[in-house]
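A.B. asks: Fold the following for me, if possible:
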Amino acid sequence: MIGRRTLSLRERLIAGLALVGIVAVAVAVIVTLTTRSFLVSQLDDRLDSYAGPGAMDQQIRPLFEDETDDERLSEALRGYIDADGNFIIVNSPNVEGATDAIPAITFADLGEDTTHFTVASSDGSMDFRVLARPFGNGWDITALPMDDVESATGRLVLIEAIGIALMVAGLAVAAWWVNRLGIAPMRRMVAASSRVAEGDLDVRLETGAGSTETDELAHSLNTMIGTLTASLAERERSEARLREFVADASHELRTPLTTVLGYAELHRRGALAGDDAQDDAWGRTEAEAARMRRLVEDMLTLAKYDAEPHIDMRHTSLGTVATEIVANATVAYPGTEFTFAGGDATVPADADRLRQALLNVVANAAVHGGPHVTVTVLAGPSDARVQVHDDGPGMSPEVAARATERFVRGDSSRQRATGGAGLGLAITAAIVDAHGGTLDVASAPGEGTTITISLPLTSAASPAGGPFAPPSPPSPSS
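C.D. replies: You can find the predicted model right below:
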């Protein structure tokens, strides 16, 4: 079953204007008819006053005696119609501008009772309002011209026509204005929404400098389309990163799993002869299992930071944390010279998480950088920065721009001897972001790498551990 089509806003507006016009014309017609009826009623009263009760009985006798009253001014025509239809004029109008025409009365207009009716003049130039009263064998006739009634009615019709024309013109201008400022933009918005629904996200609506609701709605619609476009683009990027993440995670897990399964297969077949071979196989299997465990733990860490990290914010000295990290790294990486260039600043931070982040950066510099690593703390007006610089081979700008992404490493060959799985800087970036800070990687081939951790001097995140606690006492350096 096909439903009835509803009218559009423009069609409703036109229908409303048409209805207003029809009502205005109907009112004008009613007013005109009512006014004309009132004027005719007044004319009938004048006819009655001119005729008077028994007036003809007093004037018929002087008529036959050839007597007339020429001194009395009257605009009414007085006469008599006999049984043969002859119209005998008793008194003619004698006011200034009176007409010589007489009403063309037929027997069909006359009756046995007194009656008022309208007839045309004998020459067709005007209409008369006639009072006919039976008298003897004929009828007493009193007639008045209807020029004044017709003139007043014509003026009223003209005034009403001009008024209705002006009203319709005003309504048409208002309708055009409403259509231009309201309905037409709405139709464009509907068309734009349909194009967006069909997948065209390049469509934009024209907006003016006004502050009308339609203009604001156009601004909102453009903003919504822009947001939707950005969201879809970000979704595509997220899906691409997810696919890359799955591929990288699969690659990272495949090698240790292959090693573990390989040695398990050799042991099942009895190919590991002797204690030395079995010890070597179990040692390699344990090392690969430990590597998989570290990889899974790193991914779980990132997942926790992606969800809702628990940050125990306390006033923390960056100089103390940097000193501890440099001291620990000197022991862990004896082949690399570490230098703390000084500086200090106190920031709200989770000391343990901050140590983990800075240790990842320093360890990354020790493994991939040159023989010298320098750590510096800089205090600014609104933030504090920890810079870690190494004089290693550096990275290309393309790799440096993606250094904090997951499974991104400067070594594209992914050899196990060159480092981890590429999650260290990603974890560091997640920790810094949870503190409301930023991590910047600046590197160029042959110029080394500088990683800058910037932290706000005031808390940019709601501390999960409640109010800031006093600084923790530094743990002894190893």
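A.B. asks: By residue count, what's the longest helix in the chain?
C.D. replies: Counting by DSSP state H, the longest helix found in the chain is helix 213-268.
A.B. asks: any idea how far the helix or strand containing residue 130 is from the chain center?
C.D. replies: In this structure, residue 130 sits in strand 127-135 according to DSSP states H and E. Put simply, strand 127-135 sits 74 Å off its chain's centre (Cα atoms, centre = their mean, to the nearest Å).
A.B. asks: how many neighbours does residue 125 have?
C.D. replies: As a burial measure, residue 125 scores 12 neighbours (other Cβ atoms under 10 Å). The C-beta positions use only the backbone N, C-alpha and C, and glycine is treated the same way.
A.B. asks: pLDDT score for it?
C.D. replies: Looking at residue 125, its pLDDT stands at 84.
A.B. asks: roughly how far apart are it and residue 7?
C.D. replies: Between residue 125 and residue 7 the distance is 52 Å, computed by Cβ to Cβ, to the nearest Å.
A.B. asks: Now the strand holding residue 130: buried residues?
C.D. replies: For strand 127-135, burial by neighbour count (16 or more other Cβ atoms under 10 Å) applies to 127-133, 135.
A.B. asks: How about residues contacting it?
C.D. replies: Contact with strand 127-135 is made by 40, 43-44, 47-48, 51, 56-57, 60, 77, 80-81, 101-103, 105, 109-121, 139-146, 149-150, as judged by Cβ atoms under 8 Å, 6 or more residues apart in numbering.
A.B. asks: Sketch out the low-pLDDT regions of the stretch 51-200 of the chain for me.
C.D. replies: Across the stretch 51-200 of the chain, the ranges flagged by pLDDT under 70 are 53-72, 181-183.
A.B. asks: where along this structure do the strands fall?
C.D. replies: For the chain, the strands defined by DSSP state E cover 77-81, 87-91, 115-120, 127-135, 138-145, 314-317, 337-340, 346-349, 372-379, 383-390, 438-443, 449-456.
A.B. asks: Columns distance to residue 262 on top of these, output as a markdown table?
C.D. replies: Shown next, in a markdown table, are these (distance: least, Cβ to Cβ, whole Å):
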| stretch | distance to residue 262 |
| --- | --- |
| strand 77-81 | 135 |
| strand 87-91 | 138 |
| strand 115-120 | 122 |
| strand 127-135 | 123 |
| strand 138-145 | 128 |
| strand 314-317 | 46 |
| strand 337-340 | 39 |
| strand 346-349 | 45 |
| strand 372-379 | 37 |
| strand 383-390 | 36 |
| strand 438-443 | 37 |
| strand 449-456 | 36 |
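A.B. asks: Of those strands, give the one that comes closest to residue 405.
C.D. replies: Closest approach to residue 405 among the strands of the chain is made by strand 438-443 (10.8 Å; Cβ to Cβ).
A.B. asks: what pairs with the closest one, and is each one parallel or antiparallel?
C.D. replies: Strand 438-443 has the following sheet partners, assigned by DSSP bridges: strand 449-456 (antiparallel).
A.B. asks: between the partner strand and strand 383-390, how many degrees?
C.D. replies: 170 degrees (axes from the mean of the first three to the mean of the last three Cα atoms, to 10 degrees).
A.B. asks: For strand 449-456, output the C-alpha coordinates as PDB.
C.D. replies: Extracted C-alpha coordinates of strand 449-456, given in PDB (Å, rounded to 0.1, in the frame of the first residue of the first chain):
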ATOM      1  CA  THR A 449      69.300  11.000  18.100                       C
ATOM      2  CA  THR A 450      67.700  13.300  20.700                       C
ATOM      3  CA  ILE A 451      64.600  12.200  22.500                       C
ATOM      4  CA  THR A 452      62.900  14.900  24.600                       C
ATOM      5  CA  ILE A 453      60.300  14.100  27.300                       C
ATOM      6  CA  SER A 454      58.200  17.200  28.200                       C
ATOM      7  CA  LEU A 455      56.100  17.200  31.400                       C
ATOM      8  CA  PRO A 456      53.900  19.900  32.700                       C
END
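A.B. asks: and the angle from it to strand 372-379?
C.D. replies: In terms of direction (the same axes, to 10 degrees), strand 449-456 departs from strand 372-379 by 20 degrees.
A.B. asks: which other residues reach strand 449-456?
C.D. replies: With Cβ under 8 Å, 6+ apart, strand 449-456 has contacts from 318, 347-349, 357-358, 361, 364-365, 368-369, 382-390, 392, 394-395, 400, 425, 428, 432, 435-443.
A.B. asks: the helices in this protein, which residues?
C.D. replies: Counting by DSSP H, the helices of the chain are 9-51, 55-64, 147-178, 184-197, 213-268, 275-307, 318-332, 351-368, 397-401, 424-434.
A.B. asks: Kindly reformat those as JSON lines containing mean neighbour count and distance to residue 338.
C.D. replies: Output for the helices of the chain, formatted as JSON lines (neighbours: other Cβ atoms under 10 Å; distance: least, Cβ to Cβ, whole Å):
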{"stretch": "helix 9-51", "mean neighbour count": "14", "distance to residue 338": "74"}
{"stretch": "helix 55-64", "mean neighbour count": "14", "distance to residue 338": "138"}
{"stretch": "helix 147-178", "mean neighbour count": "13", "distance to residue 338": "76"}
{"stretch": "helix 184-197", "mean neighbour count": "15", "distance to residue 338": "57"}
{"stretch": "helix 213-268", "mean neighbour count": "14", "distance to residue 338": "29"}
{"stretch": "helix 275-307", "mean neighbour count": "14", "distance to residue 338": "23"}
{"stretch": "helix 318-332", "mean neighbour count": "19", "distance to residue 338": "5"}
{"stretch": "helix 351-368", "mean neighbour count": "22", "distance to residue 338": "7"}
{"stretch": "helix 397-401", "mean neighbour count": "14", "distance to residue 338": "22"}
{"stretch": "helix 424-434", "mean neighbour count": "22", "distance to residue 338": "17"}
